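**Student:** Show me the folded form of this:
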Amino acid sequence: MKKSTILFALLSSLVATNAIAQDSGVSETGIRYNHVGAGYARVTPDDGGSMSGYAINGGLLISKDIYLTGNYSAVSNSSTNADRYGISAGYRIGIASNVDFFAEAGFINADMKTSDGKGSSTGFDVAAGINAALAPDVQGSLRISYPRYSSADFSSFNKVTFGGSATYFLTKEIGAAVNFSYSSQARTMGAGLTYAF
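**Tutor:** Numbers count the residues shown, from 1 in each chain. Below you'll find the predicted structure:
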């Protein structure tokens, strides 16, 4: 709970520090980068034992091409509690009138508690992909990422991961978002609301 409170405060500060952001938070390709969001999260490891919980995330375009992102998730089932957070910096460049290519790198931390004990690990995550303004009210993303945890206990999570997301903006600021990811170790899905600023 303490970590989620700290990260929620961090993501909230993205709104408070809007003075350093690009005026609109929107790239010339129409991609909205300034946002905070929250929703339902579900993780299904390949060995079974699905876990569910919540996730929060945020982003801030701090210059024409540079942005920051942060995320936190907490999921559990009857025998396992797991949480993860990450903070990254990203670079974007328009490759079509409505499409950005992006690359990200950042810090990650994971904690897990089971009936057999508990453990934690820090590490790094690198990612690349595309963001696209599919329609005036629809934004989508596809990505490939690779997390690398320093602890041997978390080495099974060091897998290439494919993911995607889509957001439909109900108003200029409020959107309904869905996301998924897949690796040889686990599958995730989520749904929630996002606020663009």
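**Student:** Show me the strands in the protein, by range?
**Tutor:** Secondary structure of the chain (DSSP state E): strands at 35-45, 51-61, 66-76, 80-96, 99-114, 117-135, 138-149, 161-169, 174-182, 186-196.
**Student:** where does the protein dip in pLDDT?
**Tutor:** Within the chain, the stretches with pLDDT under 70 are 1-23.
**Student:** Turn the strands of the chain into JSON lines, columns for mean neighbour count and distance to Ser155.
**Tutor:** C-beta: built from backbone N, CA, C; applies to glycine. Output for those, formatted as JSON lines (neighbours: other CB atoms under 10 Å; distance: least, CB to CB, whole Å):
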{"stretch": "strand 35-45", "mean neighbour count": "19", "distance to Ser155": "14"}
{"stretch": "strand 51-61", "mean neighbour count": "21", "distance to Ser155": "19"}
{"stretch": "strand 66-76", "mean neighbour count": "20", "distance to Ser155": "20"}
{"stretch": "strand 80-96", "mean neighbour count": "18", "distance to Ser155": "15"}
{"stretch": "strand 99-114", "mean neighbour count": "17", "distance to Ser155": "12"}
{"stretch": "strand 117-135", "mean neighbour count": "16", "distance to Ser155": "9"}
{"stretch": "strand 138-149", "mean neighbour count": "17", "distance to Ser155": "7"}
{"stretch": "strand 161-169", "mean neighbour count": "18", "distance to Ser155": "15"}
{"stretch": "strand 174-182", "mean neighbour count": "17", "distance to Ser155": "19"}
{"stretch": "strand 186-196", "mean neighbour count": "18", "distance to Ser155": "14"}
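**Student:** The ones you listed into JSON lines, with extra columns for distance to Ser27?
**Tutor:** Below are those laid out as JSON lines (distance: least, CB to CB, whole Å):
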{"stretch": "strand 35-45", "distance to Ser27": "13"}
{"stretch": "strand 51-61", "distance to Ser27": "7"}
{"stretch": "strand 66-76", "distance to Ser27": "9"}
{"stretch": "strand 80-96", "distance to Ser27": "6"}
{"stretch": "strand 99-114", "distance to Ser27": "6"}
{"stretch": "strand 117-135", "distance to Ser27": "8"}
{"stretch": "strand 138-149", "distance to Ser27": "11"}
{"stretch": "strand 161-169", "distance to Ser27": "15"}
{"stretch": "strand 174-182", "distance to Ser27": "16"}
{"stretch": "strand 186-196", "distance to Ser27": "13"}
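**Student:** Of those strands, which is nearest Glu28?
**Tutor:** The closest of the strands of the chain to Glu28 is strand 80-96. By CB to CB, the value is 6.1 Å.
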